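In: Next one to model:
(chains A, B, C, D and E)
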Amino acid sequence: MSDRIREILSWYQSENPGVLTNLYRLLNHGRLGGTGHMIILPVDQGFEHGPGASFAPNPPAYDPLYHFQLAIDAGLSAYASLLGFLEAGAAEFAGQVPLILKLNSHDLLHPEQEPLTAQTASVRDALRLGCVAIGYTIYPGTAERRLQYEQLRELAEEAKSAGLAVVVWAYPRGDGIDKEGRAALDLVSYAVHIAAQLGAHIIKTKLPTADLVLEESRMVYEEQHIPRDTARERVQHVVQSAFNGRRIVIFSGGAKTDNATILEEVRAIRDGGGFGSIIGRNSFQRERTEALGLLDQIIRIYRGEIP
Amino acid sequence: MSDRIREILSWYQSENPGVLTNLYRLLNHGRLGGTGHMIILPVDQGFEHGPGASFAPNPPAYDPLYHFQLAIDAGLSAYASLLGFLEAGAAEFAGQVPLILKLNSHDLLHPEQEPLTAQTASVRDALRLGCVAIGYTIYPGTAERRLQYEQLRELAEEAKSAGLAVVVWAYPRGDGIDKEGRAALDLVSYAVHIAAQLGAHIIKTKLPTADLVLEESRMVYEEQHIPRDTARERVQHVVQSAFNGRRIVIFSGGAKTDNATILEEVRAIRDGGGFGSIIGRNSFQRERTEALGLLDQIIRIYRGEIP
Amino acid sequence: MSDRIREILSWYQSENPGVLTNLYRLLNHGRLGGTGHMIILPVDQGFEHGPGASFAPNPPAYDPLYHFQLAIDAGLSAYASLLGFLEAGAAEFAGQVPLILKLNSHDLLHPEQEPLTAQTASVRDALRLGCVAIGYTIYPGTAERRLQYEQLRELAEEAKSAGLAVVVWAYPRGDGIDKEGRAALDLVSYAVHIAAQLGAHIIKTKLPTADLVLEESRMVYEEQHIPRDTARERVQHVVQSAFNGRRIVIFSGGAKTDNATILEEVRAIRDGGGFGSIIGRNSFQRERTEALGLLDQIIRIYRGEIP
Amino acid sequence: MSDRIREILSWYQSENPGVLTNLYRLLNHGRLGGTGHMIILPVDQGFEHGPGASFAPNPPAYDPLYHFQLAIDAGLSAYASLLGFLEAGAAEFAGQVPLILKLNSHDLLHPEQEPLTAQTASVRDALRLGCVAIGYTIYPGTAERRLQYEQLRELAEEAKSAGLAVVVWAYPRGDGIDKEGRAALDLVSYAVHIAAQLGAHIIKTKLPTADLVLEESRMVYEEQHIPRDTARERVQHVVQSAFNGRRIVIFSGGAKTDNATILEEVRAIRDGGGFGSIIGRNSFQRERTEALGLLDQIIRIYRGEIP
Amino acid sequence: MSDRIREILSWYQSENPGVLTNLYRLLNHGRLGGTGHMIILPVDQGFEHGPGASFAPNPPAYDPLYHFQLAIDAGLSAYASLLGFLEAGAAEFAGQVPLILKLNSHDLLHPEQEPLTAQTASVRDALRLGCVAIGYTIYPGTAERRLQYEQLRELAEEAKSAGLAVVVWAYPRGDGIDKEGRAALDLVSYAVHIAAQLGAHIIKTKLPTADLVLEESRMVYEEQHIPRDTARERVQHVVQSAFNGRRIVIFSGGAKTDNATILEEVRAIRDGGGFGSIIGRNSFQRERTEALGLLDQIIRIYRGEIP
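Out: Numbering: from 1, shown residues only, chains lettered A, B, ... in the order given. Next up is the predicted model:
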């Protein structure tokens, strides 16, 4: 075990060895194994945005086996998906890549103003599918967040007692938060901190902008001269908000964008002390060879092989 | 066991020896052990106000280990926090300071008029983390208070049967209560009495002002000439409202303020028969040496070593 | 066992011997034991009206032990209170006076138009505290009454299977009922009948006025010449509404008033076939000696020792 | 509450107020109420020895109501019996005498060498029948005793949490113990101590003889010169074995014998610090008037009214 | 926290913080607090050998409060006893000394060749009585040992999940083991290792003799020249057998003996790397002043204050 992994695991001493074992698996799999960095391939967009919107840009991605294979071939740390997609390939690829079962999801089929999630899988499902972790999304800022916090609490308690790690997707959302606000530095940090307080081992959030939304935090940020001009500085602030870096935080990009932008973001994550990336649409909406190329670049940045 | 501790424990004769044992631990730990006074360090502000607003004034406080160490070094009676913060240090600091697990919390990310809490940890969590007590916040005056009362009732019954003590944060809040009203003497006394009736062993509330908000109580207070000009008299009245002093009531200051004000408040608490203080932001938002100095002063006031 | 007690218990033959035993205890304790009359001391006003409004008129009453002692010294039939107050003295006074644990309560801190109650204790609490009965308040006439009926039903079923008696406080309230209406004869009778139909063994309500509120009942009352001019006649009507007198109905006075009025009411209850009184504020808001004197008078009226 | 009752209840401070309440009821009922002494009427001999052997000597005793009435008319502290006998009269006599439901029993219909018991009622039965306590018999010295200890443990935990007291019949029996040995001082003391360690509140055993059966104890008794010549001294030793007198021990006579012998035994129990008697066959196998006369004599001895 | 305690706790990293907290409490209480040594007062002999044989040599020891007070006054690490003895004092002494509830016991009343235990208390009892640990006795070598292993497993799992530590009494016994064999070095080491493998945190066994009983082990011990001539060497071997010293092993003396012998044994335990003593009959069968004197000597040996 590398010193860095030993250090990271030392932050989770309250957890049982089962949880530590699964964190270890996540941290030691793939081409980033042992570095303390990780890349997760998440595929739940079909449920959220519809299959056409998600997979038509790269039709092989309609196939659940495609994503397992992509995560394996790219040397990623883990593959995270919903019940159906994991059931469709967990036997074929058993043991070949760490799996994370997302336990809630939401779709966009009804005109709610705020995202409302449903529990769509269980901790027992995660065990029978051989997963290393459960995943759960919270939307701090929505009216319904409290139900999510309570459901997450219950599922996390059950998962931990069964030795599973807990990965929380934490996104600021809600009536009072406009599109820009969803990536505002104060809100993203706040959401990440809430996820950590709810007992998350790994937190996934958005790469934040320099915006500040809350009056109370704006005052403090300015008084304390918290640097936030560069993406690197903002990553630093988010990581600090996650128990001063004692919880693993990884960042998503969101909608598909160009390679240069992505690589720039990855450098900021790396240099700001972030732990890695979660890359969904920017992986599977690209043609496979192209995706593998991009992921190879990202991995080499995290490995420090390219600046 | 000091006579004072024996007297305090005699108020809880209906409880099983497990609860008495954990109350004893709270009352006998730290520099105030055995005096019948206590100081608790509560750190849940990151969840309520955001990590930046809470910890940026003193960045080491982003680190969960910082608070355990602060409580230990200052010789406080207990450290109270949320699931994530306790999980992040309970193994490292096992046994070194009594822990209280807050079982509910709320954030300010959605524009609700009244604070709405979510259950964010369980009694089983409190047992596995080695806590002496559960904590729970009620907001008498809000529309949702009834759900809080019912959730508290259920959690308290479970906690007591497992030998854990029950600490209730009781704050008047709600649509009909303006900012001043939250600290009004009649409302604070009322909230404290409700917490006691719900079975709380220890109640934490605000140091009240002389304001009276409810018409019904204003009449009685004036008819009965209840003294309320000084902070000491108001503390006396609150303590009386907690079963004539047969339940432990401790007071918070709230937002960060200057040392002289805090020490004056502590004297009023002591002289009015209050049992102690719960000091969050005024501890961890100060630089560590300064915080230790302030806490030392407070402890010496409670110990009667300085007037 | 006196003939009267034998007759009263005969009305409850469907209940198991545990319930009969606890009814027997209520009917045979104190100075009214064996007469078929009873006086209960209820102390939940601190929760409903605030501690100052409730106890400041007679400050020793802030102390939970005060009420146990008052009920014992006055020779009352039972003491009814909330979880906290009973926990605070149930060990010290174990067995000395029958206890009734109120399982729901409400406060006046939020400007609801109608009283909304919360469950604040459980049947298991009643057993561990050694109570003879549970208590529960319903507010027929409010929008929420159905939830109360359903919660009462569930708790009563559990209580009866554990051998506990069920005491229901039944008060007409709600948006459509003005202050006078709350004591109107037709509404009070109606509320009492509903409580009886929900399975109450003992029903507590207000001494009614001659008012009639419901159009439908007004017509019938007048057609049938139901006498309602005197308090005695109104008590008769309420008792008749409680299964023709086959359920125990006791009456409250409400806010503190003068002795002569109270004694007049007690005579009306006695002469109208009522079973007794529940006297809270008129007991504990008086100075202790005065309260004992008043209660002695009331007891002697019920015992027929004074007219 | 008399000082003696207050002292006795102080030995059970670990118990909840429900248990204390039921102990209070036992200690305050009947003609010995408040003295710290008690007499229990136990009727389970029909199950153990057959109805003819038990009731033919006094045929009215075939009737379950007979025993309730006898216990009431004699002013005894409690009536203890099996499910069927209690079900047959608990409604008619509800509340008139404290009831103890024996939860196990055994018959002599199969030629076992050692008494083997079956659980014949439940804690829930005790609640629905309005009992103050459960009863349970252990036979230390039999091969099966371990099953009894475990069953008692489980039932006692459930009973205590529901506020019921626990009465244990503790009789030395077994292959290795001959008829004399069953009453040997060392074995009786040993059995009583075991019952107390298993959590019994009240222990019923035999009045012991001066015999010593165990080699190990014989040596100690002689070395330590433990006095055992008189019945009074032997009672003292048994009471000492029950937590130095901090558990209530009462004594049975066993088979029917003459009045003088019984009264002599009662004097020894009283003078040796025993808490009372449990008198079955010597009550109900006598003609009723005679039995009442004998019980009156016994009560007067315990009350100190006759020497 | 002393370095030694930190080291000891590091051996139990798989346990949750609740278990670590309770181990910490055991290791930091009394005059040996922080040294890594401990002395436990165990009192279950009344159940095993009878009350006379146990307490007659020092009659105040019949009183359950005596033992709590003795453990406190001597500055011992913990007091271990059965349900009844703990219930009889846990409220009075709440918090003053760590308590260990023995969950099984056996008596000598039936002529079994091998000790057969019964479960006499539960994990829930341990929680409601405020204990830091459960205790359980296994008798490797008996036919019934498997049932004990299985019952221990189940209870230990439940205890650990509730944050309680697990103390196992491990004694070689059985048909095939004669009186000398019970203390044979190979059997004692074997029993201790089995206890450790069953998940014990603390193991209590006998100070072994140089005897070897098993043919297989005799050959190995001689081939490997395992030193066993002195008590110190034998302690070393036992401690090594308990995971090379990574589980706490403490030693009992057994029957009452003279002071010089006991002190010699304690020196051997200390010098051989043992963690402490469990001293029952040699404490409470002595007159109190004498017992305190002996315990003081033992403590000073462990503290290294006398050679």
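
In: Who is residue A:168 paired with across the strands?
Out: Legend: beta-bridge partners of residue A:168 under DSSP bridges are residue A:136, residue A:203.

In: same thing with residue A:119?
Out: Taking DSSP bridges, one finds residue A:104 as the beta-bridge partners of residue A:119.

In: what comes up buried for stretch A:279-295?
Out: A:279-286, A:288, A:291-292, A:294-295 (16 or more other C-beta atoms under 10 Å in any protein chain shown). Placement of C-beta: from N, CA and C, glycine included.

In: May I see those residues arranged in JSON lines, with pLDDT, distance to residue C:52 and secondary structure as well?
Out: Below are the buried residues of stretch A:279-295 laid out as JSON lines (pLDDT from 0 to 100; distance: C-beta to C-beta, whole Å; DSSP: H, G, I helix; E, B strand; the rest coil):
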{"residue": "A:279", "pLDDT": "95", "distance to residue C:52": "61", "secondary structure": "coil"}
{"residue": "A:280", "pLDDT": "93", "distance to residue C:52": "59", "secondary structure": "coil"}
{"residue": "A:281", "pLDDT": "93", "distance to residue C:52": "61", "secondary structure": "helix"}
{"residue": "A:282", "pLDDT": "93", "distance to residue C:52": "63", "secondary structure": "helix"}
{"residue": "A:283", "pLDDT": "94", "distance to residue C:52": "65", "secondary structure": "helix"}
{"residue": "A:284", "pLDDT": "95", "distance to residue C:52": "66", "secondary structure": "helix"}
{"residue": "A:285", "pLDDT": "95", "distance to residue C:52": "66", "secondary structure": "coil"}
{"residue": "A:286", "pLDDT": "94", "distance to residue C:52": "70", "secondary structure": "coil"}
{"residue": "A:288", "pLDDT": "97", "distance to residue C:52": "74", "secondary structure": "helix"}
{"residue": "A:291", "pLDDT": "97", "distance to residue C:52": "70", "secondary structure": "helix"}
{"residue": "A:292", "pLDDT": "98", "distance to residue C:52": "73", "secondary structure": "helix"}
{"residue": "A:294", "pLDDT": "97", "distance to residue C:52": "69", "secondary structure": "helix"}
{"residue": "A:295", "pLDDT": "97", "distance to residue C:52": "68", "secondary structure": "helix"}
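
In: which among the residues you listed gets closest to chain B?
Out: Chain B lies nearest to residue A:280 out of those, by C-beta to the nearest C-beta, at 24.7 Å.

In: and the gap between the closest one and residue E:98?
Out: Using C-beta to C-beta, to the nearest Å, one gets 53 Å for the distance from residue A:280 to residue E:98.

In: Run through chain A and note the low-pLDDT ranges.
Out: Counting by pLDDT under 70, chain A contains low-confidence ranges at A:254-255.

In: Do a quick rundown of the strands in it.
Out: Counting by DSSP state E, one finds strands in chain A at the ranges A:38-43, A:78-81, A:99-102, A:104-105, A:118-119, A:133-138, A:165-170, A:202-206, A:248-252, A:276-278.

In: chain center to the third one: distance?
Out: Put plainly, it is strand A:99-102. Computed by C-alpha atoms, centre = their mean, to the nearest Å, the chain-centroid distance of strand A:99-102 equals 11 Å.

In: same for that strand, what does it pack against?
Out: Strand A:99-102 is packed against strand A:78-81, helix A:83-87, strand A:133-138, with contacts defined by 3 or more C-beta pairs under 8 Å, 6 or more residues apart in numbering or on different chains; DSSP states H and E.

In: swap the cut-off to 10 Å and go again
Out: With contacts defined as 3 or more C-beta pairs under 10 Å, 6 or more residues apart in numbering or on different chains; DSSP states H and E, the packing partners of strand A:99-102 are strand A:38-43, strand A:78-81, helix A:83-87, helix A:123-128, strand A:133-138, strand A:165-170.

In: Would you check that residue A:96 makes contact with residue A:76?
Out: No. At 11.2 Å, residue A:96 does not count as touching residue A:76 under the criterion of C-beta atoms under 10 Å.

In: Residue A:223 and residue B:53, how far apart?
Out: With C-beta to C-beta as the criterion, residue A:223 and residue B:53 are 10 Å apart.

In: More neighbours: those two, which one.
Out: Shown here are residue A:223 and residue B:53; by other C-beta atoms under 10 Å in any protein chain shown, residue B:53 has more neighbours (26 against 10).

In: Pull the contacting residues for that one.
Out: Residues near residue B:53 by C-beta atoms under 10 Å, 6 or more residues apart in numbering or on different chains: A:186, A:189-190, A:214-221, A:224, B:45-46, B:108, B:281, B:285.

In: now the closest residue to residue A:148 other than its chain neighbours: how far from residue A:241?
Out: Closest residue to residue A:148 in three dimensions, ignoring its sequence neighbours and counting by C-beta to C-beta, 6 or more residues apart in numbering or on different chains: residue A:138, at 4.6 Å. Counting by C-beta to C-beta, the gap from residue A:138 to residue A:241 is 15 Å.

In: swap in residue A:13?
Out: To residue A:241, residue A:13 is 21 Å away according to C-beta to C-beta.

In: Mind checking which of the two has more residues around it?
Out: A side-by-side neighbour count of residue A:13 and residue A:241, using other C-beta under 10 Å, places residue A:241 first with 31 against 18.

In: So which bits of stretch A:1-14 are buried?
Out: Going by 16+ other C-beta under 10 Å, stretch A:1-14 has these buried residues: A:5, A:8, A:9, A:11, A:12, A:13, A:14.

In: Could you point out the member of the residues you listed that lies closest to residue A:116?
Out: Within these, proximity to residue A:116 (C-beta to C-beta) peaks at residue A:12, which comes in at 31.1 Å.

In: Would you check how far apart that closest one and residue A:137 are?
Out: Per C-beta to C-beta, residue A:12 is found 21 Å from residue A:137.

In: so where do the helices sit in the stretch 151-300 of chain A?
Out: Secondary structure of the stretch 151-300 of chain A (DSSP state H, counting those that start in this stretch): helices at A:185-197, A:215-223, A:231-241, A:259-271, A:281-284, A:288-302.

In: Mind listing the shared neighbours of residue A:96 and residue A:76?
Out: residue A:29.

In: Looking at those two now, which is surrounded by more residues?
Out: Shown here are residue A:96 and residue A:76; by other C-beta under 10 Å, residue A:76 has more neighbours (27 against 14).

In: what's the distance between that one and residue B:286?
Out: Per C-beta to C-beta, residue A:76 is found 45 Å from residue B:286.

In: Also residue A:193?
Out: Counting by C-beta to C-beta, the gap from residue A:193 to residue B:286 is 21 Å.

In: Kindly report the same for residue A:15.
Out: For residue A:15 relative to residue B:286 (C-beta to C-beta), the value is 32 Å.
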